[in-house]
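Just the structure for this:
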Amino acid sequence: RPALLLLAGMLAAQAPAQLPAPGAEVPMGAAVRGQGTARSTVFRVWAPQAAKVELTGEFNGWNKDALQKELARPGHWALENRRAKPGDAYRFLVDGQPRRDPRARAVDMEKNLGFILDPREDDWGAAAAWKMPPREDLVMYELHLGTFAAGIPGSTPPFDKAIKRLPYLKALGINCIQLMPVNEFPGDRSWGYNPGDLFAVETSYGGADGFKKFIRACHTNGIAVVLDIVHNHYGPDQIAAWQFDPGAPGGGIYFYNDEERASTEWGPRPDYSKPEVRAFIVDSVRMFLTEYRLDGFRWDSVHNIRYY
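From the prediction side, this is the model:
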């Protein structure tokens with residue numbers, strides 16, 4: 001499966017070096033703004049076929065709060081909630097059908113829930129000064145997290161266990177890890193090429209906090225992290241974006257629905273012709289660059305993207 005490797009330096013023109021400043025446009029998904037008593041969470045979602053979108057979560061007693069249509073953005077809905085806080089679970093109701101947020105930073109697939117995260121709370125410490133080695137000096141090690149962490153005693157998640165083996169990689173002369181996909185997938189074991197949530201990190205691995213801790217440890221030890229990402233197909237099972245808007249045909253608004261392009265041998269293909277789907281993909285990549293401080297990406301099976 002042909003792949004494309006992109007390092008962070010190549011993407012600098014497209015990706016900001018820091019998170020949006022206060023007052024900047026609120027991103028899609030659940031975005032926490034302000035501090036203390038002025039803190040609120042803005043929920044934004046794309047559902048162009050829906051007649052009604054509602055929000056339900058821990059912060060409103062699982063009652064229903066109606067989102068409003070965004071006049072300047074057809075098909076988009078938004079709601080600001082001052083009770084919602086980081087860690088709270090939530091989901092959308094799209095024309096009455098429960099849907100987890102395709103852009104949720106953390107999820108529970110089985111319960112069909114998203115969780116609010118606030119990346120502004122992250123402390124990168126000494127790793128904030130990390131600089132990636134020049135491309136020509138990289139010595140790369142492809143790593144499947146579950147396999148790499150296997151056999152290490154203890155009940156801690158695989159990200160924590162893998163940190164204990166970084167000295168082994170360092171002794172080998174490795175200064176860059178090519179990490180196989182870690183987006184949320186069904187179950188607890190997978191190669192990672194069946195992503196269901198493109199903004200969430202696999203819970204069984206240690207989730208968002210575990211991944212950031214792993215990246216901090218890598219950078220502190222002089223090791224870059226390049227992530228394998230999958231956008232040529234999603235799933236095939238438990239995809240948050242699948243039939244997200246019940247009024248749309250086939251797989252819904254995020255996917256091609258014609259016979260020629262709708263499917264790959266691994267799962268449904270995103271509809272790259274739609275600007276909202278392209279933004280979904282770009283925003284996922286940007287999130288990993290800015291919030292996780294990744295050093296680059298391996299794009300899986302690019303011929304299933306570029307020719308469609």
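
can you give me the strands in the stretch 101-250 of the chain?
Taking DSSP state E, counting those that start in this stretch, the strands of the stretch 101-250 of the chain run over residues 106-108, 113-115, 140-143, 176-179, 183-184, 197-201, 224-229.

For R82, find the nearest of the ones you listed.
strand 113-115 (18.0 Å; CB to CB). C-beta here means a position set from N, CA and C on the backbone, and glycine is covered the same way.

out of the strands of the stretch 101-250 of the chain, nearest to A162?
That would be strand 140-143 among the strands of the stretch 101-250 of the chain, by CB to CB, at 7.7 Å.

Pairing partners for the residue lying closest to D65 once chain neighbours are set aside in the sheet, please.
Distances taken as CB to CB, 6 or more residues apart in numbering place L55 nearest to D65, at 4.8 Å, with adjacent residues excluded. Going by DSSP bridges, L55 is paired in beta bridges with D65, F92.

ok so, going back, among the strands of the stretch 101-250 of the chain, which is nearest S273?
Proximity to S273 (CB to CB) singles out strand 197-201 among those, at 18.1 Å.

Could you find the residue nearest the spatial middle of this protein?
In the chain, the centroid-proximal residue (CA atoms, centre = their mean) is F199; its distance is 1.6 Å.

Quick check: nearest residue in space to it, chain neighbours excluded?
Nearest to F199 is R103, by CB to CB, 6+ apart, at 4.8 Å.

ok, back up a step: show me what contacts the residue nearest to the centre of the chain?
G29, P102, R103, A104, R105, D283, S284, M287 (CB atoms under 8 Å, 6 or more residues apart in numbering).

Which ones among those residues lie within helices?
D283, S284, M287 (DSSP state H).

Tell me how far the last one lies from N81.
Between M287 and N81 the distance is 21 Å, computed by CB to CB, to the nearest Å.

Just the buried ones from the contacts of F199?
Listed as buried from these are G29, P102, R103, A104, R105, D283, S284, M287; burial here means 16 or more other CB atoms under 10 Å.

So which residues of the stretch 51-200 of the chain form helices?
Counting by DSSP state H, counting those that start in this stretch, the stretch 51-200 of the chain has helices at residues 145-149, 158-163, 166-172.

Out of the ones you listed, which gets nearest to G250?
Ranking these by proximity to G250 (CB to CB) places helix 145-149 first, at 33.2 Å.

For the closest one, enumerate the helices and strands it packs against.
helix 158-163 (3 or more CB pairs under 8 Å, 6 or more residues apart in numbering; DSSP states H and E).

what mean pLDDT does the helix it packs on have?
The pLDDT scores in helix 158-163 average 97.

Can you dump the C-alpha atoms of it in PDB for me?
Coordinates of each C-alpha in helix 158-163 appear next as PDB, following Å, rounded to 0.1, in the frame of the first residue of the first chain:
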ATOM      1  CA  PRO A 158       0.700   0.600  26.600                       C
ATOM      2  CA  PHE A 159       1.900   4.200  26.200                       C
ATOM      3  CA  ASP A 160       3.300   4.200  29.700                       C
ATOM      4  CA  LYS A 161       4.900   0.800  29.200                       C
ATOM      5  CA  ALA A 162       6.400   1.900  25.900                       C
ATOM      6  CA  ILE A 163       8.100   4.800  27.700                       C
END
